[in-house]
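**Q** The sequence and its predicted three-dimensional model are supplied below.
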Amino acid sequence: MEIIKTTNLTKYYGKSRGIIDLNLTVTQGEFFGFIGPNGAGKSTTIRTLLGLISPTSGNAMIFGKNVAQKKESILQDIGYLPSEALFYPGMKVKDLLKLSADLRKKNCTAESKLLCERLQLDTSRKIDALSFGNRKKVAIVCALQHRPKLLVLDEPTSGLDPLMQKEFFDILRERNKEGTTIFISSHVLSEIQRNCTCAAIIRDGRIIACDSVEILSKTSAKRITVHGIVNLKSLDGIRDRKDSEDSISFLYSGDMDSLLRALSSGQVNDLTITEPDLEEVFLHYYKKDGDAV
């Protein structure tokens, strides 16, 4: 079943570009990553999907329903975590969590308590006194406590320390195994590579690649790291070269025989050949006229 489907979804802010002709499909049970730097169109896409802003053209469907026509019924089964959450001042955490549950007309007491324990969130404190990281925890509990069918998470780990990030993704993986569809936007590529099954890459408001994380990460290039003294000037297929005092590291997509001959004519103390990570592949997609953007 298609949980999210957009058709030529476009949003302009006056003459300024938001997103352009976005065609995206997320199926039930996917852990889907939405990758791009700040300003690429990630948050605009999410806000348009949720009906928080209206598209200039095109349409979005969630649970098979048109967002523009059935927004209220759609939002009942969605948990949304914005990149920056704002709360009513003066309220205690426990009162805010109850308000969030009451607005959905659900009793979330047990689930809320469990999430607060796992995230080490003190519900007796006032929102105003919380750090940015603890306010992010409050937003996470609000998004998850009603156990929605779809989680839409916009840059969810900013402000969380590494231990809380790990616990947060443990919770998400558990929900995903239970059948929850997860749509997460991030510019932290390691999060996407470790947790997502599929991903789309967005640049300048357009999707430029969409596939399984495994396929997106595959490339003919290898990351080569050489410790020693070698002459690589005659080699084609080298990019992203990084030199240090005793080593050279680069992405190589040229002829492997030529590389081995060049290495054998030098002094090699150590050699490592690995697959590039998603971050290196991402930068490749983001190159324009040979320069990363």
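**A** Perfect, I can see it now.
**Q** give me phi/psi at the closest residue to Ile184 other than its chain neighbours?
**A** Excluding its sequence neighbours, the residue lying closest to Ile184 (CB to CB, 6 or more residues apart in numbering) is Leu153, at 4.5 Å. Glycine gets a C-beta too; all of them are placed from N, C-alpha and C. The phi/psi pair for Leu153 (degrees, to the nearest 10) reads phi -120, psi 120.
**Q** what's the spacing between Leu153 and Ile208?
**A** Taking CB to CB, to the nearest Å as the measure, Leu153 falls 22 Å from Ile208.
**Q** between those two, which one's more packed in?
**A** Leu153 (24 against 13; other CB atoms under 10 Å).
**Q** For the more buried one, which residues are in contact?
**A** Residues in contact with Leu153 (CB atoms under 8 Å, 6 or more residues apart in numbering) are 80-81, 143, 182-185.
**Q** farthest pair in those residues?
**A** Greatest spacing in the contacts of Leu153, by CB to CB: Ala143 and Ser185 (13.6 Å).
**Q** Can you pick out the residue with more neighbours from the two?
**A** More crowded of Ala143 and Ser185, by other CB under 10 Å: Ser185, with 25 against 21.
**Q** Now do the helix or strand hosting that one: which elements does it pack against?
**A** Element membership for Ser185, per DSSP states H and E: strand 181-186. Here strand 181-186 touches strand 2-13, strand 16-27, strand 31-35, helix 42-49, strand 150-154, helix 162-177, helix 189-195, going by 3 or more CB pairs under 8 Å, 6 or more residues apart in numbering; DSSP states H and E.
**Q** Please dump the ones you listed into TSV; it should also carry distance to Ser244 and mean pLDDT for every row.
**A** Below are the helices and strands packed on strand 181-186 laid out as TSV (distance: least, CB to CB, whole Å; pLDDT from 0 to 100):
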stretch	distance to Ser244	mean pLDDT
strand 2-13	44	96
strand 16-27	40	95
strand 31-35	29	94
helix 42-49	34	94
strand 150-154	37	96
helix 162-177	27	96
helix 189-195	23	85
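**Q** so which of the ones you listed is the most packed in?
**A** Comparing the helices and strands packed on strand 181-186 by mean neighbour count (mean count of other CB atoms under 10 Å), strand 31-35 comes out on top with a mean of 26.
**Q** got the CA positions of that one in CSV?
**A** Taking C-alpha atoms only, strand 31-35 is exported to CSV below (Å, rounded to 0.1, in the frame of the first residue of the first chain):
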residue,chain,number,x,y,z
PHE,A,31,11.9,3.4,6.9
PHE,A,32,12.4,6.2,4.4
GLY,A,33,15.1,8.8,4.4
PHE,A,34,14.8,12.2,2.8
ILE,A,35,18.3,13.7,2.3
